[in-house]
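Asker: return a 3D structure for these sequence lines:
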Amino acid sequence: MRVVTWNLWWRFGPWADRREAILAVLRELAPDVVGLQEVWAVDGGENLAASLARDLGLHWDWSPSPAPERWQRRIGDDTVGVGTAVLSRWPVVERAVLRLPAPAELDDGRLASYARLDAPGHRIPFFTVHLTSGGGSAGAVRREQAAALAGFVAAHRHGTAHPPVVTGDFNARPEAPEVRLL
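Answerer: Take a look at the predicted model:
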């Protein structure tokens, strides 16, 4: 199984040009499943996950942030949502979303998304996550988020011999306590 995870950097920088580059790279890699973070969707307009899935001939699942306001203030546009998404060669037959814990001053609606994929021969529990970024107290917040993610994975890995696949932007080095917890 070919897996890709990618933080798409939302609508920062030259996002319109980047969309075409993202599509070209995904075409070249031909993944079976993709975990995406910082995916954008415009109210009444394009959802990047949906358009990538359409162009690549993949199934998709989108989990919008319930609290995009901090993101929107950074670009001065309250019509653009942010979230996580899964693109998959196989149909999504079950899904769930976990809003990650964070104190009010750091809470920008980050999520963990679960999609059960109906692959030939077995179903795959697939997850993608976007942990809080930053230094200082953010490390402690990420540890709490990683613990919540571990519980979320445990709750949704049932009914298949296939191990869960967890992707994401952990905003931490591999040796960091929050990553080691996973």
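
Asker: the helices in the chain, which residues?
Answerer: For the chain, applying DSSP state H gives helices covering 15-29, 48-56, 69-75, 138-156, 177-181.

Asker: can you tell which of those helices is closest to Trp90?
Answerer: Closest to Trp90 of the helices of the chain, according to C-beta to C-beta: helix 48-56, at 12.3 Å. Where C-beta positions appear, they are placed from N, C-alpha and C, glycine not excepted.

Asker: give me the number of residues near the closest residue to Ala50 other than its chain neighbours?
Answerer: Once flanking residues are discounted, Ala50 sits nearest to Trp60: 6.0 Å by C-beta to C-beta, 6 or more residues apart in numbering. Close neighbours of Trp60, defined as other C-beta atoms under 10 Å, add up to 22.

Asker: and the spatially most distant residue from the centre of the chain, its phi and psi?
Answerer: Centroid-distance maximum for the chain: Gly121 at 25.3 Å, with C-alpha atoms, centre = their mean. Backbone torsions of Gly121, given as degrees, to the nearest 10, read phi 90, psi -20.

Asker: could you dump the helices of the chain to JSON lines with mean neighbour count?
Answerer: Converted to JSON lines, these look like this (neighbours: other C-beta atoms under 10 Å):
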{"stretch": "helix 15-29", "mean neighbour count": "13"}
{"stretch": "helix 48-56", "mean neighbour count": "18"}
{"stretch": "helix 69-75", "mean neighbour count": "14"}
{"stretch": "helix 138-156", "mean neighbour count": "18"}
{"stretch": "helix 177-181", "mean neighbour count": "15"}
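
Asker: out of the ones you listed, nearest to Val39?
Answerer: For those, distance to Val39 was read as C-beta to C-beta. The smallest value, 5.0 Å, belongs to helix 48-56.

Asker: ok, residues contacting that closest one?
Answerer: Applying C-beta atoms under 8 Å, 6 or more residues apart in numbering, the external contacts of helix 48-56 come out as 8, 19, 22-23, 26-27, 36, 39-41, 58-62, 85-87.

Asker: looking at the helices of the chain, which is nearest to Leu117?
Answerer: helix 138-156 (12.0 Å).

Asker: so what's Trp6 up against?
Answerer: By C-beta under 8 Å, 6+ apart, the contact set of Trp6 is 22, 34-37.

Asker: at 10 Å what do you get?
Answerer: Listed by C-beta atoms under 10 Å, 6 or more residues apart in numbering, the contact set of Trp6 reads 22, 25-26, 29, 31, 34-39, 87, 128, 167-169.
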